[in-house]
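S.K.: One predicted model, sequence on top.
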Amino acid sequence: MKERKPEVTHKIMSAIHSKDTKPELSLRTELWRRGLHYQKNKKTLPGKPDIAFVGIRLAVFCDGDFWHGHNWAIRDKYTSLEDELSHYSEYWAGKIRRNIARDREEDERLSEMGWTVIRVWESEIKSDLPGCADRVERVYNELKKASRKKPVPTS
């Protein structure tokens, strides 16, 4: 296999968007269509969730398969993340491992702040947008219902 020049790889990778990706736009459009209104890329929260329902503390991330370590699961030739990463350069394997670790840290921090976190894979959105939206809507409705049951504090 012919090795690609680092400059070419850099140019390709730097053209990839980190927000407003096609899968993310698809999910946001579907949720909005269902009447679920949200804030996007909430900068004040760990990880800047792609979709944030602030009133009920629900954070949704639309994770790219390559960048967040799920690529191996959608490709036939690899049996695990480590199997796939063994074929990457040290730089890319390290970058993906750091992304995965950061995702876990952000999930934990959000959870400690009382947030519920949903992570949806890009490939899931592409293959089953209604199912992904159903999942978010189900958790949204559960949290909404639970928030109505909480007693109002008195002063």
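M.R.: Structure's in. What do you need?

S.K.: per-residue confidence for Thr9?
M.R.: Per-residue confidence (pLDDT) for Thr9: 50.

S.K.: in what helix or strand does Glu83 lie?
M.R.: Actually, residue 83 is Asp. It isn't Glu. According to DSSP states H and E, Asp83 maps onto helix 81-85.

S.K.: Can you measure across stretch 67-74, start residue to end residue?
M.R.: Length of stretch 67-74, first residue to last, Cα to Cα, to the nearest Å: 13 Å.

S.K.: Flag every buried residue along it.
M.R.: Trp67, His68, Gly69, His70, Asn71, Trp72 (16 or more other Cβ atoms under 10 Å). (Each C-beta comes from the backbone N, C-alpha and C, glycine too.)

S.K.: quick one: the last one from Lys22, how far?
M.R.: Distance of Trp72 to Lys22, given as Cβ to Cβ, to the nearest Å: 22 Å.

S.K.: Kindly report the same for the first one.
M.R.: Computed with Cβ to Cβ, the distance linking Trp67 and Lys22 is 14 Å.

S.K.: again with the second one
M.R.: With distances taken as Cβ to Cβ, His68 is found 16 Å from Lys22.

S.K.: Sketch out the low-pLDDT regions of the chain for me.
M.R.: The model of the chain has pLDDT under 70 over residues 1-19, 150-155.

S.K.: switch to 90 and redo it
M.R.: Across the chain, the stretches falling below the confidence threshold (pLDDT under 90) are 1-20, 66-81, 84-89, 92, 147-155.

S.K.: which residues in it form helices?
M.R.: Using DSSP state H, the helices of the chain run over 6-14, 22-33, 71-74, 81-85, 90-112, 122-127, 129-149.

S.K.: Serialize those helices to TSV and add fields for distance to Lys48.
M.R.: Converted to TSV, the helices of the chain look like this (distance: least, Cβ to Cβ, whole Å):
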stretch	distance to Lys48
helix 6-14	19
helix 22-33	12
helix 71-74	22
helix 81-85	24
helix 90-112	9
helix 122-127	17
helix 129-149	17
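
S.K.: Relative to Cys62, which of those is closest?
M.R.: helix 22-33 (4.1 Å; Cβ to Cβ).

S.K.: Many thanks, I have nothing further to ask.
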